[in-house]
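> need coordinates for the following:
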Amino acid sequence: MIAKSLFRTCFVLLCVFGRGPVANAAVPQFTDSEFKLPSPTQDTKDNFQRSLSGLFSIPSFRQETLSQPYHNFDDLYHHAHAAQQELEQLLTQISLHTEAKPIIPGIKSRQRAEQKIATELNGQPEKLTDLARGTLVANNISSLVDAFNHLSRESTIVETKNRFKQPASSGYRDLKMLVQLPQSGLIAEIQLHLDSIAEIKSGPEHDIYESIQHIERQATLEERELNDIEVAKIKALRKQSQQMYQQAWHQYLQPEPLAMAS
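Down below sits the predicted model:
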């Protein structure tokens, strides 16, 4: 036993102080180039193209008969609170599986709901489909498509308006949906946004919209047609809006690693 211990001690001393291959082994050297992150791969580009194709392939459609399960406004508004909670849970769940962030504004006010029924829906409460509403905001196309796919699995889509494929005249793009919630059975409105476009809509574009409304309202109050100067102002404002939206949309039209490098 003593002999074995003595042998191990001698071996360790030989490795530390000796001039054999163990002591003289070279430490491997690495260059900076070996630590560089890989450039965007073909897989990155292919994944982006699949996401973009998936977004453009979402059809705009509307189910022939769209109606809430309640024809009495008081009943409909009462059940809308539970539907809003169900929608909030659904959007929160989807946000946990995607990079999209939920925005829950709460149900439409009773006054605005009754006004819309009277002025736009011919007095039919069952046609009011945006009492319960919510939004998902994504920071890239892939996340937005993922959110749509989750919604299609967790609810019944009864209407889709794909304004990424066919934008509004202002240049604004989003994906607007009506879904029938599985528990309450109510129809709710969901909008899927890209963050930069959403920021323009709630900021600079809203100011442009207000300016146009002011010009048109003034002409209406004075019971006259728009004059040439007013027409030119409105045209310039709308062009400004289109340019802002186009610039925001363009930043999403390349794979994310390439966008960060450019």
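> shouldn't Ile200 be within a helix?
Yes. Inclusion of Ile200 in a helix is indicated when DSSP: H, G, I helix; E, B strand; the rest coil is applied.
> what is the neighbour count of it?
By the criterion of other C-beta atoms under 10 Å, Ile200 has 20 neighbours. All C-beta spots, glycine's among them, are computed from the backbone N, C-alpha and C.
> the residue lying closest to it once chain neighbours are set aside sits in which helix or strand?
Leaving out its chain neighbours, the residue that sits closest to Ile200 by C-beta to C-beta, 6 or more residues apart in numbering is Met244, at 5.2 Å. Using DSSP states H and E, Met244 sits within helix 228-250.
> wait, the residue nearest to Ile200 touches Gly171, no?
Yes. Contact criterion C-beta atoms under 8 Å: Met244 and Gly171 qualify, at 7.4 Å.
> what is the neighbour count of Ala198?
Neighbour count of Ala198, defined by other C-beta under 10 Å: 19.
> can you check the one 10 residues further on too?
Using other C-beta under 10 Å, Ile208 is surrounded by 19 other residues.
> which other helices and strands contact the longest helix seen in the chain?
Longest helix in the chain by number of residues, with DSSP state H as the criterion: helix 73-97. Based on contacts counted as 3 or more C-beta pairs under 8 Å, 6 or more residues apart in numbering; DSSP states H and E, the elements that helix 73-97 packs against are strand 101-103, helix 110-119, strand 133-138, helix 141-154, strand 187-194.
> go again with 6 Å.
When contacts are defined as 3 or more C-beta pairs under 6 Å, 6 or more residues apart in numbering; DSSP states H and E, helix 73-97 sits against strand 101-103, strand 133-138, helix 141-154.
> give me the contacts around the first one.
Contacts made with strand 101-103 from outside it, assessed by C-beta atoms under 6 Å, 6 or more residues apart in numbering, are listed as 91-92, 95, 135-137.
> report the secondary structure state of Ser169.
State at Ser169, reduced to three classes by three-state DSSP: coil.
> okay, it: pLDDT?
At Ser169, the predicted lDDT confidence score is 89.
> and it, how close does it get to Glu126?
According to C-beta to C-beta, to the nearest Å, Ser169 stands 31 Å off from Glu126.
> the two - which one has more neighbours?
Looking at Ser169 and Glu126 with other C-beta under 10 Å, you find the greater number of neighbours at Glu126, namely 17 against 8.
> that one reaches Gln68, doesn't it?
Yes. Distance between Glu126 and Gln68: 4.5 Å, which falls inside the contact criterion (C-beta atoms under 6 Å).
> for Gly171, grab the count of nearby residues.
Here the count is done by other C-beta under 10 Å, and Gly171 has 22 residues near it.
> likewise for Asn139?
For Asn139, the tally of surrounding residues (other C-beta under 10 Å) stands at 15.
> out of everything not next to it in sequence, what's closest to it?
Distances taken as C-beta to C-beta, 6+ apart place Asp195 nearest to Asn139, at 5.1 Å, with adjacent residues excluded.
> got it, and Phe164?
Nearest residue to Phe164, sequence neighbours excluded (C-beta to C-beta, 6+ apart): Arg173, at 4.7 Å.
> which residues are in contact with the one you found?
Arg173 is in contact with 163-164, 167, 197, counting by C-beta under 6 Å, 6+ apart.
> and of those residues, the nearest to Ser142?
Nearest to Ser142 out of these is Phe164 (C-beta to C-beta; 13.2 Å).
> let's verify the closest one: helix, strand, or coil?
coil.
> and it, how far from Gln254?
Following C-beta to C-beta, the distance that separates Phe164 from Gln254 is 16 Å.
> neighbour count for the two, which is higher?
Ranked by neighbour count (other C-beta under 10 Å), Phe164 and Gln254 place Phe164 first, with 20 against 16.
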